[in-house]
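Asker: Sequence and predicted structure, then a few things I'm wondering about:
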Amino acid sequence: MKTKDLILVIDDQPNNLKVIAGLLADEYEISIASNGETALSMLEKAQPDLILLDIMMPGMDGFETCKQLKSNPNTASIPVIFLTAKTDIDDITKGFKCGAVDYVTKPFNPAEVKARVKNHLGLYKSQNLLSLKNLELLEAELELTNMLDISRNQNERLKSFAHIVSHNLRSHARNISSLLEYLKEESQALEESEIYRLLKNASSNLLDTITNLSEVAILAAGDKKDFKVVNLGTVIEKALENVSALAKSQGVILINQVPENIQVLGIPAYTDSIILNLLTNAIKYSDPAKESFVRLSYTNESGLICIHVEDNGLGIDLVKFGKQLFGMYKTFHDHHDSKGFGLFITKNQIEAIGGKIEVESSPGIGTRFKVYFQPEKRLKNLSETLPSNATLA
C-alpha cells in the first residue's frame with residue numbers, strides 16, 4: 001500500500017540530486033534520474049505524483065523532456081516544477097509554455113522547495129479527485145436519462161424513479177457540492193483552477209437536471225383524482241403580477257383580454273406553471289428593436305377553452321425548429337437564461353390535464369401559443385371514472 005507520495009527528480013548533477021533528496025526524503029518517496037531519456041523510460045514502469053526537472057542537461061534538455069511528458073496522455077497531468085539557475089524571463093516563460101506549473105531557482109532555498117512541492121501536490125490530488133467526481137456526475141446524469149426513457153409509460157416505475165431522485169440522487173449531488181466547498185477551503189488556489197470551475201458548474205447543472213427530471217416523472221405519474229375546477233382568470237391575473245417587474249425591465253407591455261371568470265378543468269400547480277412559463281418566455285424573447293407587447297386572449301373552440309398568448313418578439317423558425325420545439329433541452333435563441341426545458345414541461349403539463357398546445361410563429365414577427373383546456377363541465381364525466389374513495393375539490 002502506498003504511504004508516501006512519489007517525487008521524481010531529474011538532474012544531471014549528482015550534488016543537486018543529493019541536496020533535493022536530502023530535503024524531501026523524510027516526507028516523500030524519492031526517485032532519481034540523471035537525464036531526460038532515462039526519466040522517460042522510468043515513467044513507463046511507474047508514475048510519480050510530481051516531477052522536479054532540471055532545465056540545463058546534456059542531450060535532451062528539460063524543455064524537451066517536459067514537452068514529451070505533456071504529449072503523452074499517461075503522463076500529461078503530472079505536475080512539473082523546473083529546477084533552474086536561469087532567471088531570464090524568456091526561459092521561465094518557455095518553461096510554462098512547455099507545461100510546467102512552477103519553477104525553483106538554484107541555489108535551492110529549502111523552505112521554498114518544500115512549500116512549492118507541498119502546494120502543487122495538494123493541487124494535483126484535488127484535481128484528480130475533482131476529475132473523478134466529474135465523471136460520477138456525468139454517469140449519474142446518464143443514468144437519470146436512461147431511467148426516464150425506460151419508465152416513460154410506466155406509472156408505478158415513474159413514481160419509484162421520482163422517489164429515488166428526490167431522496168437519493170439529490171442527496172449525493174449535494175454531498176458533491178459540499179465536497180467542492182471543503183476542497184476550496186483546503187486550497188485557496190483551487191478556486192482559480194479551470195477544472196474546479198467546470199466541476200462547480202457541472203454539480204450545479206446536475207442538481208437542476210435532477211429537479212427537472214423529477215418534474216417529468218411526477219407529471220407522467222399524475223393521477224386524475226388531482227383534477228380540480230380552476231379559475232383561469234385568477235391564474236392569469238396572478239401570473240401577470242408575478243412577471244410585471246420582468247416585463248417593465250424589458251420594456252414589454254402586458255395586455256389581458258381574458259374574462260375574469262373562465263373555469264377550466266386542471267391541476268392548479270400545472271395551470272399556474274403553464275401560464276407563467278408562456279408569459280416569461282414571451283417577455284424573455286421580446287425584440288428590443290420594437291415596442292414590445294404580450295397579449296392574452298380567449299376563444300371557445302370545439303368545446304375547449306383556448307387561451308392565446310401572443311407576442312411581437314423575436315419569433316421562431318418553425319420550418320427549421322418546428323419538430324424540436326417541445327423537445328427536452330432544445331433552445332432556439334442565444335439567451336443566457338435559456339435552459340431548453342420550459343416548453344417541454346409546459347406541453348407535458350397541458351397534456352396531463354387533457355389539453356393540448358399549438359404554436360404559430362415567424363422570425364422577426366412574433367409568436368402565438370394556443371393552449372386548449374378542458375372546460376369545467378367535463379369534471380362530472382371525469383368523476384364518474386374515478387374510484388368511489390377519490391374526491392374532487
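Answerer: Cool, the structure landed.
Asker: Okay, helices next: where are they in the stretch 151-300 of the chain?
Answerer: 155-164, 170-186, 194-220, 232-250, 268-284 (DSSP state H, counting those that start in this stretch).
Asker: Now the weakest link among the ones you listed, please, by mean pLDDT.
Answerer: The stretch with the lowest mean pLDDT among those is helix 155-164, at a mean of 57.
Asker: Hmm, Glu27 is touching Lys4, no?
Answerer: Yes - contact criterion C-beta atoms under 8 Å: Glu27 and Lys4 qualify, at 7.1 Å. All C-beta atoms are positioned from the backbone trio N, CA, C, and that covers glycine.
Asker: helix, strand or coil for the closest residue to Met57 other than its chain neighbours?
Answerer: Nearest in space to Met57, with sequence neighbours left out and distances taken as C-beta to C-beta, 6 or more residues apart in numbering, is Asp12 at 4.5 Å. Look at Asp12: counting by DSSP: H, G, I helix; E, B strand; the rest coil, its state is coil.
Asker: just Leu8 next, same as before
Answerer: Taking three-state DSSP, the label given to Leu8 is strand.
Asker: list the contacts for it?
Answerer: 31-33, 39, 42-43, 48, 50-52 (C-beta atoms under 8 Å, 6 or more residues apart in numbering).
Asker: With neighbour count and secondary structure as added columns, please give those residues in a markdown table.
Answerer: Shown next, in a markdown table, are these (neighbours: other C-beta atoms under 10 Å; DSSP: H, G, I helix; E, B strand; the rest coil):
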| residue | neighbour count | secondary structure |
| --- | --- | --- |
| Ser31 | 17 | strand |
| Ile32 | 19 | strand |
| Ala33 | 23 | strand |
| Ala39 | 24 | helix |
| Met42 | 16 | helix |
| Leu43 | 20 | helix |
| Pro48 | 21 | coil |
| Leu50 | 23 | strand |
| Ile51 | 26 | strand |
| Leu52 | 26 | strand |
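Asker: Thr65: which of these is nearest?
Answerer: Ala39 (6.4 Å; C-beta to C-beta).
Asker: Distance of the closest one relative to Asp91?
Answerer: 20 Å (C-beta to C-beta, to the nearest Å).
Asker: Work out for me the element Leu138 sits within.
Answerer: According to DSSP states H and E, Leu138 maps onto helix 110-151.
Asker: avg pLDDT for that helix?
Answerer: pLDDT averaged over helix 110-151 gives 81.
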